[in-house]
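just need the structure, nothing else, for what follows:
(one chain, ligands or ions: 2)
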Amino acid sequence: MSHDGMRPSSDPRRQREYAYCTACPKLCRFSCPVSEAERRETVTPWGKMEVGHQLETRQRPMDAASAEAVYACSDCGRCTEHCKHGNEVAPALVALRAEAVRAGVAPESITKLVDRFASHGSPFPTSLRQAAQKAGMRDDGTYFPGCTALAKQPNLVDDARAASEAVGMPLAVSPLASRCCGYPLWAAGHLQAFRAHAEGFAEAAREVPSLVVGDPGCAYTLSVLYPQVGVRTPEVRLWVDEVARRLPEHAGGKPVELDAAYHDPCHLGRGLGRYEAPRAILQHALGGKPFAEANDARNDAGCSGGGGVLPRTHPETSVEIARRQGEALGERATIVTACPAARRMFEKAGRKSLALETVLARFFGRESGD
Ligand code: SF4
Ligand code: SF4
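Numbers count the residues shown, from 1 in each chain. Ligands and ions are numbered 1, 2, ... in the order given. From the prediction side, this is the model:
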């Protein structure tokens, strides 16, 4: 498969996927958080993929209306779980976003995002280097929290480090943390810029054997998307894996009193297949007490609306998606998640949400506090 900026028509796999969807009686329709939130036919997986087929068969141009449809995706991957062909709708839509960029019809919010990236090296108007330094960056550090945590949730970074230390794995923030992984460029459809960014990241990481990555979106980008553009990175070790396997030997702590519900982040679950490690950490922090889950969990989990740059292109829809997923997790529960972007979305939807890292730091009496 290729996401390297080729026209969709030069990629036979994508051609096949657009055609399959066009001929499908919309079997995955119920699974799409965007079309469920917006109740619009044009943003079902079928409707969005039909744009690709119609472009292929020259029945429509890539214009502003086509672009609006192909950006209406949170890259959650849930439709793929329900497709008997295993159609990868989100990457197929990213290929169409690249067409929209080429045709100069991408939404204005995308232009702003890419300009911001060019000026700051990340989607945030802050200096990641300063944020990383403040979070305890060290030349030999191996912890890569991700820029959402560094820029928007610095307490999460402190809590992750404190909890890691409590399980015998002291972590310092890596100098690489002063760079974004580049996921927003990929999701925006700026694929050449994404490849160039990935190459720059890999060059800076030449002497780094491995990173402990906190943000599932960054872990997915480094370990799945970089290889797709031919870029090798350091070995990616997930914070949840590293901590979960050390927990049995570090049981000391005070069970956290919390009416908790666990939300599976899309990139951690469907993207990287991690369902047990975050649950083991939460279970441990709650002293073995049960926590709630949505009826649709694990590989069929609902989405928080935070991926695919959807909060930039469709801000109201992304908050509505978070509201609906919050409802599925129980009206009163505090939503615990291992993804800083998901946590932001739940908070935007008016829900209480805690990072998994914070719950574990609280168990060990080491929470940094707001
Ligand atoms: S992704 Fe699969 S199930 Fe969904 S519309 Fe396309 S072909 Fe049908
Ligand atoms: S990846 Fe998610 S948001 Fe995108 S079309 Fe599929 S179900 Fe909808």
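
quick check, stretch 82-96 touching ligand 1?
Yes: residues of stretch 82-96 contacting ligand 1 under C-beta under 6 Å from any ligand atom: 82-83, 85, 87, 89. C-beta coordinates here come from the backbone N, C-alpha and C atoms, glycine included.

nearest to ligand 1, of those residues?
Minimum separation from ligand 1 among those (C-beta to the nearest ligand atom) is found for Cys83, which lies at 3.0 Å.

that closest one: what's it in contact with?
With contact taken as C-beta atoms under 8 Å, 6 or more residues apart in numbering, Cys83 is in contact with 27-28, 89.

which SSE is it in?
With elements delineated by DSSP states H and E, Cys83 resides in a region that no helix or strand encompasses.

give me the low-pLDDT residue ranges for the chain?
By pLDDT under 70, the weakly predicted segments of the chain are 1-10, 370.

contact partners for the nearest residue to Ile321 once chain neighbours are set aside?
By the measure of C-beta to C-beta, 6 or more residues apart in numbering, the closest residue to Ile321 outside its immediate chain neighbours is Gly305, 3.2 Å from it. By C-beta under 8 Å, 6+ apart, the contact list for Gly305 reads 33, 37, 74, 311, 317-322, 325, 345.

could I get these as TSV with neighbour count?
Formatted as TSV, those follow (neighbours: other C-beta atoms under 10 Å):
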residue	neighbour count
Pro33	26
Ala37	24
Ser74	27
Pro311	24
Thr317	21
Ser318	29
Val319	21
Glu320	18
Ile321	28
Ala322	31
Gln325	25
Met345	30
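
returning to that earlier point: the residue nearest to Ile321 in helix, strand or coil?
coil (DSSP: H, G, I helix; E, B strand; the rest coil).

which residues touch Ala297?
When the contact criterion is C-beta under 8 Å, 6+ apart, the partners of Ala297 are 262, 264.

quick check: phi and psi at it.
Backbone torsions of Ala297, given as degrees, to the nearest 10, read phi -130, psi -180.

now Val336
In this entry, Val336 is assigned phi and psi values of phi -100, psi 130 (degrees, to the nearest 10).

what's near enough to touch it?
With contacts taken as C-beta under 8 Å, 6+ apart, Val336 has the following neighbours: 258, 260-263, 282, 291, 353-356, 359.

narrow those residues to those in strands?
Cross-referencing these with the strands (criterion: DSSP state E) gives 260-263, 353-355 as the overlap.

now do the buried residues in whichever strand or helix holds Ala19.
Counting by DSSP H and E, the secondary-structure element that holds Ala19 is helix 12-22. Residues of helix 12-22 classed as buried: 14-15, 17-22 (neighbour count, 16 or more other C-beta atoms under 10 Å).

report the secondary structure state of Val236.
Applying three-state DSSP to Val236 yields a three-state assignment of strand.

now the residue nearest to it when sequence neighbours are not counted: how far from ligand 1?
Once its chain neighbours are removed from consideration, Val236 has its nearest residue in Ser223; the separation is 4.4 Å (C-beta to C-beta, 6+ apart). Ser223 sits 24 Å away from ligand 1, taking C-beta to the nearest ligand atom, to the nearest Å as the criterion.

need the contact list for Ser223.
Going by C-beta under 8 Å, 6+ apart, the list of residues near Ser223 reads 233, 236, 272.

which among these are in contact with ligand 2?
Restricting these to those within reach of ligand 2 (C-beta under 6 Å from any ligand atom) leaves nothing.

dump those residues into JSON lines; add distance to ligand 1 and neighbour count as well.
Written out in JSON lines, the entries for these read as follows (distance: C-beta to the nearest ligand atom, whole Å; neighbours: other C-beta atoms under 10 Å):
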{"residue": "Thr233", "distance to ligand 1": "29", "neighbour count": "20"}
{"residue": "Val236", "distance to ligand 1": "28", "neighbour count": "20"}
{"residue": "Leu272", "distance to ligand 1": "21", "neighbour count": "20"}
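
which of those residues sits closest to His190?
Nearest to His190 among these, counting by C-beta to C-beta, is Thr233 at 19.3 Å.

now that closest one. Nearest residue, chain neighbours left out?
For Thr233, the spatially nearest residue (C-beta to C-beta, 6+ apart) is Leu222, at 4.7 Å.

could you do Gly168 as well?
Closest to Gly168 by C-beta to C-beta, 6+ apart is Arg246, at 5.7 Å.

show me the helices in the stretch 201-350 of the chain, by range?
Secondary structure of the stretch 201-350 of the chain, counting by DSSP state H, counting those that start in this stretch: helices at 216-220, 226-228, 239-246, 276-285, 310-313, 315-328, 340-348.

again but with the stretch 1-150 of the chain, I slipped
In order along the chain, the stretch 1-150 of the chain carries the following helices (DSSP H, counting those that start in this stretch): 12-22, 33-38, 45-56, 64-70, 78-81, 89-103, 108-120, 128-134, 147-152.

let's have those in CSV, adding distance to Gly253.
Converted to CSV, the helices of the stretch 1-150 of the chain look like this (distance: least, C-beta to C-beta, whole Å):
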stretch, distance to Gly253
helix 12-22, 48
helix 33-38, 35
helix 45-56, 44
helix 64-70, 47
helix 78-81, 35
helix 89-103, 38
helix 108-120, 38
helix 128-134, 27
helix 147-152, 22
